[in-house]
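Q: Got a predicted structure here, sequence first:
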Amino acid sequence: MEQLTFTYEFNDEKTLKTFVVGRNQGLIDNLLQPHSEFMQTYIYAPGNCGKSHLLYAVSDLLSGNQTGMYLSLSDPDIREIGPEVLENTEELDYLLVDDLDAVAGDRTWEIALYSCINLARKVNRCHLIFTAAGLPSEVKFSLNDLRTRLQWGETFYLHPLDGDELATLIKCMLATKGLEISQSVIDFIYRRITWTLPEVVRCAEKLMNFAIENNAKITVPVVKKALGI
C-alpha cells in the first residue's frame, strides 16, 4: 500500500496546546496512548464542543513515521469522492473519522464503514477514532451491524467547556502568538459577547489578528477596536 500522511488543512491554532482538557482527561489519555494493535474510540457531543479541534490536535502530535488520515464526512469534497476513500485505511496507524452522523442513512457509506472496522480489526494495527453528535444507539444508522461495530471500543462523551475553561482557552490561543491578556480584560469581554465556544474562538482570532497587525498589547481599548464593541 502507498504510504499516506494526514490529510487535513493544518491550523496551528487547533493543537493540543489550545485544547483545554477540562473534564476530558480520560479521553485525552485514551487518544494519546501508544498502540501496536487494533484500537477503537468513539467520541460524541453536540456541535461546537471541539470534536474536530481534538482530532486535529491528535493528528498534529503523531510522529513522522506514523501513517494516518483525517476525514470529515460532512466535507462535500470527501462526500464527492465517495466511500472508496476508506479503501486500505485498515493498514494505517490512525484513521480519524469526523462527523460520522453526516452519512447516517446512506447505505453505501454505512457498508463501507462497517467493512472498514472489520478489516481494521482483522489487520490489528489501526486506531480508529470516530466522532458524532450522539451515541451509536442515537444516530439514525440504517445498518444495525454498523451500530454494533461502533460499540466495540471505548466510548467517551466530550464534555463542553465551562466559563472558566473558556477563559483559559482565550489565554491559550493568544499565547500561541506570544500575546498576553489580563483577567480584567477577559472579564470585560465576558460581559459583552455570548460566552460559547464558537464565539470565544472567533473573539480570540480577531484579537490575535488585530494585535499582530497593529503591534498592540491586548487592552480594553484594543478589544473595543478589534471586536467593534
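A: Received it, and whenever you're ready, just let me know what you need.

Q: on contacts alone, who are the packing partners of the lowest-mean-pLDDT helix or strand in the chain?
A: The helix or strand of the chain with the poorest confidence is helix 51-61; it has a mean of 86 (mean pLDDT, DSSP states H and E). Packed against helix 51-61 by the contact rule (3 or more Cβ pairs under 8 Å, 6 or more residues apart in numbering; DSSP states H and E) you find helix 25-32, strand 68-72, strand 94-98, strand 127-132. Yep, even glycine has a C-beta here, placed from its N, CA and C like the rest.

Q: Can you check what angle separates the last one from helix 51-61?
A: Same thing as strand 127-132. Per axes from the mean of the first three to the mean of the last three Cα atoms, to 10 degrees, the angle that strand 127-132 makes with helix 51-61 is 160 degrees.

Q: The least confident helix or strand of the chain vs helix 25-32, what angle?
A: Inter-element angle recorded for helix 51-61 and helix 25-32: 40 degrees (by the same axes, to 10 degrees).

Q: show me the residues around the residue lying closest to His127 once chain neighbours are set aside that make contact.
A: Nearest residue to His127, sequence neighbours excluded (Cβ to Cβ, 6 or more residues apart in numbering): Met39, at 4.1 Å. By Cβ atoms under 8 Å, 6 or more residues apart in numbering, Met39 lies in contact with Cys126, His127, Leu128, Gly153.

Q: so what's the residue most central in space within the chain closest to, chain neighbours aside?
A: By Cα atoms, centre = their mean, the chain has its centre lying nearest to Ser52, at 2.1 Å. With Cβ to Cβ, 6+ apart as the criterion, Ser52 has its nearest non-adjacent residue at 5.4 Å, and that residue is Asp98.

Q: mind checking how far that neighbour is from Ile181?
A: 30 Å (Cβ to Cβ, to the nearest Å).

Q: again with Glu90
A: Look at Glu90 and Ile181: by Cβ to Cβ, they are 45 Å apart.

Q: just Leu169 next, same as before
A: 11 Å.

Q: OK, contacts around the nearest residue to Leu16 once chain neighbours are set aside?
A: Excluding its sequence neighbours, the residue lying closest to Leu16 (Cβ to Cβ, 6+ apart) is Ala57, at 4.2 Å. Taking Cβ under 8 Å, 6+ apart as the contact definition, Ala57 lies against Lys14, Thr15, Leu16, Thr18, Phe19.

Q: same thing with Tyr190?
A: Per Cβ under 8 Å, 6+ apart, neighbours of Tyr190: Gly163, Ala167.

Q: Val223 in helix, strand or coil?
A: Classification of Val223 by DSSP: H, G, I helix; E, B strand; the rest coil places it in helix.

Q: residues near it, how many?
A: Neighbourhood size, Val223 [other Cβ atoms under 10 Å]: 23.

Q: mind listing what Leu227 touches?
A: Residues in contact with Leu227 (Cβ under 8 Å, 6+ apart) are Ile189, Arg192, Ile193, Cys203, Lys206, Leu207.

Q: ok, of those, which come out buried?
A: Buried members of the contacts of Leu227, scored by 16 or more other Cβ atoms under 10 Å, are Ile189, Cys203, Leu207.

Q: contact partners of stretch 96-110?
A: Applying Cβ under 8 Å, 6+ apart, the contact partners of stretch 96-110 are 51-52, 55, 58-59, 68-75, 79, 82-83, 113, 128-134, 139-143, 146, 150.

Q: Please identify the residue most distant from the middle of this protein.
A: Furthest out from the centre of the chain (Cα atoms, centre = their mean) sits Pro221, at 33.2 Å.

Q: Look up how far Met208 lies from that one.
A: 17 Å.
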